[in-house]
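Undergrad: sequence isn't available, so here's the structure alone:
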């Protein structure tokens, strides 16, 4: 098992260009907020890493990647009006926690696709250390 040293950090106090973002019980209300300043000619090439909770959830993870990507892409394009926001690849890694070199291997694969944006989809909720 891979052990990673960690500590619990204080909750961030997010701000945008117009001031502070409203938070409620660790949930951020980002409605109507733009967090990036980009132009319509920017090109985003996204590579997605999905980590299902088990090997049996691998098939479900494959289908969720497409559904989640489509929803994310629509939201980003409506918010930022980008000229190009495309998925250039994805990898489903059910052994991510047991394979310490998996992260490096998949990042090499992402670079090979000329990705400039990497997304990590986790099936299980994060837990503080």
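TA: That came through fine. The model shown is predicted, which means the values in this text are computed figures rather than measured ones.
Undergrad: can you give me the strands in the protein?
TA: Per DSSP state E, the chain carries strands over the ranges 15-16, 19-20, 22-24, 27-29, 43-51, 84-92, 117-122.
Undergrad: tell me the helices and strands packed up against the last one.
TA: Think strand 117-122. strand 43-51, helix 58-80 (3 or more Cβ pairs under 8 Å, 6 or more residues apart in numbering; DSSP states H and E). Placement of C-beta: from N, CA and C, glycine included.
Undergrad: dump these to TSV, plus mean neighbour count.
TA: Output for the helices and strands packed on strand 117-122, formatted as TSV (neighbours: other Cβ atoms under 10 Å):
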stretch	mean neighbour count
strand 43-51	20
helix 58-80	14
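Undergrad: least confident of these, on average?
TA: Note on the helices and strands packed on strand 117-122: helix 58-80 shows the lowest mean pLDDT, a mean of 78.
Undergrad: what's that one packed up against?
TA: Counting by 3+ Cβ pairs under 8 Å, 6+ apart, helix 58-80 packs on strand 43-51, strand 84-92, strand 117-122.
Undergrad: can I get those in a markdown table with distance to residue 111?
TA: Converted to a markdown table, the helices and strands packed on helix 58-80 look like this (distance: least, Cβ to Cβ, whole Å):
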| stretch | distance to residue 111 |
| --- | --- |
| strand 43-51 | 9 |
| strand 84-92 | 11 |
| strand 117-122 | 9 |
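Undergrad: the ones you listed: which one's closest to residue 27?
TA: strand 117-122 (17.5 Å; Cβ to Cβ).
Undergrad: so what strands line up beside that closest one?
TA: strand 43-51 (parallel) (DSSP bridges).
Undergrad: what angle separates the partner strand from strand 84-92?
TA: 20 degrees (axes from the mean of the first three to the mean of the last three Cα atoms, to 10 degrees).
Undergrad: follow-up on the earlier one: residue 89: which of the helices and strands packed on strand 117-122 is closest?
TA: Nearest to residue 89, of the helices and strands packed on strand 117-122 and by Cβ to Cβ, is strand 43-51 at 5.0 Å.
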